[in-house]
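Novice: sequence plus the predicted model coming up.
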Amino acid sequence: MNASIAGKEFTVNEEGYLTDFNQWNEQIGESIAAGANITLTPRHWEVIKYLQNEHKSQVALSIRRVGKSGVVDIKEFYALFPNAPLKTATKIAGVPKPASCI
């Protein structure tokens with residue numbers, strides 16, 4: 001299915017995740033974040049870059065793994081990305097929804 005993000009058309013799955021990470025850029029991330037009522041700060045970007053690097057390394061993402069990453073602790077992760085932090089953060093980062101997310 002197609003979705004308009006940041007004024008351009010992209011292919012997304014039924015939950016709104018980009019199906020091709022190569023289409024992602026920071027403007028798209030900012031647009032997705034705005035839709036989730038999140039204004040991205042440098043701290044958000046650190047977490048997003050971490051999630052993208054883990055995805056590129058084919059590491060399975062989970063809340064526990066993010067909390068133990070040394071990049072962000074679980075409490076701050078929830079503060080940065082309220083309401084389903086891993087689902088929200090991965091969607092903003094342009095990576096597929098982790099299998100650990102319902």
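Specialist: It's in. What you are looking at is a predicted structure, and each value in this text was computed from that prediction instead of being measured.
Novice: relative to residue 41, how far out is the residue nearest to residue 43 when sequence neighbours are not counted?
Specialist: Of all residues not flanking residue 43 in the chain, residue 80 sits nearest, at 6.4 Å (Cβ to Cβ, 6 or more residues apart in numbering). Every C-beta, even on glycine, is put in place using the N, C-alpha and C of the backbone. The gap separating residue 80 from residue 41 is 8 Å, by Cβ to Cβ, to the nearest Å.
Novice: buried stuff in stretch 56-67?
Specialist: Residues of stretch 56-67 classed as buried: 61, 63, 66, 67 (neighbour count, 16 or more other Cβ atoms under 10 Å).
Novice: if I look at the residue nearest the centre of the chain, how far off is residue 40?
Specialist: Taking Cα atoms, centre = their mean as the criterion, residue 90 is the residue nearest the geometric centre of the chain, at 2.2 Å. Residue 90 is 14 Å from residue 40, where distance means Cβ to Cβ.
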